[in-house]
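Visitor: sequence and predicted structure, then a few things I'm wondering about:
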Amino acid sequence: MGYTIAEIATALGAEAAGDLSLVIDGAAEPASAAAHHLALAMDPKYAGGIAKGGALAGLVWQGADWQALGLKAAIFAPRGRLAMAGLSRMLDAGPHIAPGVHPMAVVDPSAVIGAGAAIGPFVVIEAGVTIGPNARIASHVSIAAGARIGAEALILQGAKIGARVTIGDRFICQPGAVIGADGFSFVTPEKSGVEEIRETLGQREGISAQSWTRIHSLGAVTIGNDVEIGANACIDRGTIRDTIIGDGTKLDNLVHIGHNVQVGQDCLLCGQVGIAGSSRIGNRVVLAGQCGVNDNIFVGDDVIAGGATKIFTNAPAGRVLLGYPAVKMETHLEMQKALRRLPRMMKNMSQSADKD
């Protein structure tokens, strides 16, 4: 299915010029675009590629001389990536899941399936589950007893939703994610080596055998509206209270959220982020890839942490962090500059000592 330039511009809230009746059915980089594609050239640095491709229309930067670029129509994007978001939403048909319940799905008679839902083959839906209207559930998904999933959810292949998990509307879950597994929580009958090290910061009076006793997870997971969970991400259930993910938060692939963690609204947690148990993450926090957050600490609103940052202590609101352990980003950069100077400094000191 295609869209006219006029329809796309209206949907994006953008201005357009030229032949607005042109129909496109896809998007492409300028050099590889065909006549039926919209060439994506939201920055002047991509202009040269338009002549190499065959696009008749393009999504271009504000003020672009689209006619000189050889286009018959143009849509002007004041904010390129935002325009990309709207365009990609229009062009993404999503996975095809046949309406209704597939005959090879297993659905408990007590489950409530909302109007317009589509449930694929080999899906297992247990007792007391509620699935909201227009939800789409792909093959091999399992949803455990008592879980509740809101309207217009999209849960893709092989995802696992645990018992009593509550999920809001417009949820997107990528393949293989696990929501509601037991938390990793164990205790020893006597004070463990870990507890001792926490108190002494490295000193040990003696080492003795210890065995671990499991603490069961009685809580569940509560997820707000408009949340997205990446492939193979894991969110553990709480020990007593629920683990919580706030409205609008997005988790990348391989993110791990420990038991009892509370994540605020509109957070962005990138690939391989790990948040240890009982920590609290504020609103609009951004944790870049491989960031780690210690247990039982608080990360304030609007914190941004660069890649591989390890946060061991409370982080105040608005702080920009980098490094291991986490420090202010500007402090980390100064530390790295000083570290690079060390070999030269040591050489100079050695030479001065030899002269003496």
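Guide: Thanks, I have it.

Visitor: dump the residue contacts of the closest residue to residue 188 other than its chain neighbours.
Guide: Spatial nearest neighbour of residue 188, chain neighbours left out: residue 210 (4.6 Å); criterion: Cβ to Cβ, 6 or more residues apart in numbering. C-beta coordinates here come from the backbone N, C-alpha and C atoms, glycine included. Residues in contact with residue 210, defined by Cβ atoms under 8 Å, 6 or more residues apart in numbering, are 188, 190, 192-193.

Visitor: please convert the buried members of those into ChimeraX selection syntax.
Guide: To isolate the buried members of the contacts of residue 210 in ChimeraX, using 16 or more other Cβ atoms under 10 Å:
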select :192
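
Visitor: run through the residues that contact residue 134.
Guide: 114-117, 151-152.

Visitor: tell me, how many residues neighbour residue 126?
Guide: Neighbour count for residue 126, taken as other Cβ atoms under 10 Å: 18.

Visitor: how near is the residue nearest the centre of the chain to residue 173?
Guide: Geometric centre of the chain, nearest residue: residue 251, 2.4 Å, by Cα atoms, centre = their mean. Residue 251 sits at a distance of 10 Å from residue 173 (criterion: Cβ to Cβ, to the nearest Å).

Visitor: common neighbours of these two, please.
Guide: Counting by Cβ under 8 Å, 6+ apart, the contacts common to residue 251 and residue 173 are 228-229.

Visitor: was I right about residue 83 contacting residue 42?
Guide: Yes - in terms of Cβ atoms under 8 Å, residue 83 counts as a neighbour of residue 42; the distance is 6.7 Å.

Visitor: pull up the overlap in contacts between these two.
Guide: 59, 77.

Visitor: can you classify residue 330 by secondary structure?
Guide: With DSSP: H, G, I helix; E, B strand; the rest coil as the basis, residue 330 sits in helix.

Visitor: that one: how many residues sit nearby?
Guide: 10.

Visitor: output the below-cut-off pLDDT ranges for the chain.
Guide: Scanning the chain with the threshold set as pLDDT under 70 gives 356.

Visitor: now with 80?
Guide: Applying pLDDT under 80 to the chain flags residues 1, 353-356.

Visitor: so residue 328 bridges to which residues?
Guide: Note on residue 328: beta-bridge partners by DSSP bridges are residue 321.

Visitor: my read: it touches residue 315, true?
Guide: No - using Cβ under 8 Å, residue 328 is not in contact with residue 315, being 10.2 Å away.

Visitor: which residues do the two both contact?
Guide: Joint contacts of residue 328 and residue 315 (Cβ under 8 Å, 6+ apart) are residue 321.

Visitor: the two - which one has more neighbours?
Guide: Neighbours were counted for residue 328 and for residue 315 using other Cβ under 10 Å; residue 315 has more, 22 against 13.

Visitor: buried among the contacts of residue 134? Make that a PyMOL selection.
Guide: The PyMOL selection below is limited to those of the contacts of residue 134 classed as buried (16+ other Cβ under 10 Å):
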select buried, resi 114+117+151+152
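
Visitor: tally of neighbours for the nearest residue to residue 121 once chain neighbours are set aside?
Guide: Counting by Cβ to Cβ, 6+ apart, residue 104 is the residue found nearest to residue 121 once chain neighbours are left out, at 4.1 Å. Neighbourhood size, residue 104 [other Cβ under 10 Å]: 10.
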